[in-house]
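Student: Here is a sequence together with a model predicted from it:
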Amino acid sequence: MRYLSPFRMPSKQVAEPTELHPVTPPKKVAKPKTAAERKARVQRIQQVLDEHFPNVTCALNHKSAWQLLAATILSAQCTDERVNKVTPGLFKKYPTISDMANAAQEEVANDIRSTGFFNNKAKSLIGAARKINSDFGGKVPQNMDELLTVPGAARKTANVVLGTAFGIAAGVVVDTHVQRISQRLDLTKNEDPVKIEQDLMKQLPTEKWILFSHQLIHFGRQICIARKPRCGTCPMDSLCYASDKNLAIGVPPRSPAANPS
Ligand code: SF4
């Protein structure tokens, strides 16, 4: 099937955090009590994300499903910015899946050294290329069950590839940002990413599964940051009762460029 990247459309500029909300002391917010209140709150969370992050997409540069799969494998424990510096040279040196399948692991490891865990990642890249050639006719598979047989592709990676490269909503990408913010917004009480994904899939309409995770990732990079959430400038303030909500001050935002991961 033709490679499709539905979210590579021109996107509306994401507003700087300073424009999202004035810096004011964050509100104390009551928890929803009924199922109807919880449902309404989840809908409101989606509305806020749609308002502020309408057309966001995956930050990993790629021109094909294979390149996105490879970039996602490299992104484990590494910033997207770092991966985007490594992949142009990597894809130039190994332009096809077969080129990667026939590469020497030691050499690939050296090519991707700066992304960390380079020996394991090189093994996964070569293993993924060989598997795709041997079992899937040289095409990245377009369903979860087959993708999960590809070395280096667990559910998160498979969801990234299916959602962003093929526009297939098989699940919700749960990375560290999605995990943290889903917990802060009380969309899950779980720690395990697979269980968090299940919780999100139950609460969100299927057509939102792909975009929602991209929105939370951007929201997590710009505003709901791990150690110092910028609650004072957060558009989710009136919906958030997180225990680590910064109730004392509005923390001035940094520029998105200063916070790449
Ligand atoms: S920045 Fe995060 S913790 Fe703070 S109000 Fe917003 S969602 Fe809640």
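Tutor: Yes, it's here. Numbers count the residues shown, from 1 in each chain.
Student: Please enumerate residues in contact with stretch 116-134?
Tutor: With contacts defined as C-beta atoms under 8 Å, 6 or more residues apart in numbering, stretch 116-134 is touched by 66, 69-70, 73-74, 76-78, 97-98, 100-101, 103, 105-106, 108-112, 115, 138-141, 149-153. Every C-beta, even on glycine, is put in place using the N, C-alpha and C of the backbone.
Student: so how far is that stretch off the chain centroid?
Tutor: 21 Å (C-alpha atoms, centre = their mean, to the nearest Å).
Student: again with stretch 211-224
Tutor: The answer for stretch 211-224 is 8 Å, by C-alpha atoms, centre = their mean.
Student: cool, and stretch 188-206?
Tutor: That offset, for stretch 188-206, works out to 14 Å (C-alpha atoms, centre = their mean).
Student: Kindly report the same for stretch 79-95.
Tutor: 18 Å.
Student: Need the mean per-residue confidence for that stretch.
Tutor: Mean pLDDT, computed over stretch 79-95, is 97.
Student: Going by neighbour count, which residues in that stretch are buried?
Tutor: For stretch 79-95, a neighbour-count test (16 or more other C-beta atoms under 10 Å) marks 79, 80, 82, 83, 84, 86, 87, 90, 91, 94 as buried.
Student: any chance you could read off phi and psi for residue 154?
Tutor: Per-residue torsions, residue 154: phi -90, psi -170 (degrees, to the nearest 10).
Student: That one against residue 148, yeah?
Tutor: Yes: using C-beta atoms under 8 Å, residue 154 is in contact with residue 148, at 7.2 Å.
Student: Those residues of the stretch 151-261 of the chain touching the ligand, which are they?
Tutor: Contact residues (C-beta under 6 Å from any ligand atom) of the stretch 151-261 of the chain with the ligand: 184-185, 223-224, 229-231, 234, 236-237, 240, 242, 245.
Student: I'd like to know which of those are buried.
Tutor: 184-185, 223-224, 229-231, 234, 236-237, 240, 242, 245.
Student: Residue 125: helix or strand, and which one exactly?
Tutor: helix 118-135 (DSSP states H and E).
Student: what mean pLDDT does that helix have?
Tutor: Across helix 118-135, the per-residue pLDDT values average to 98.
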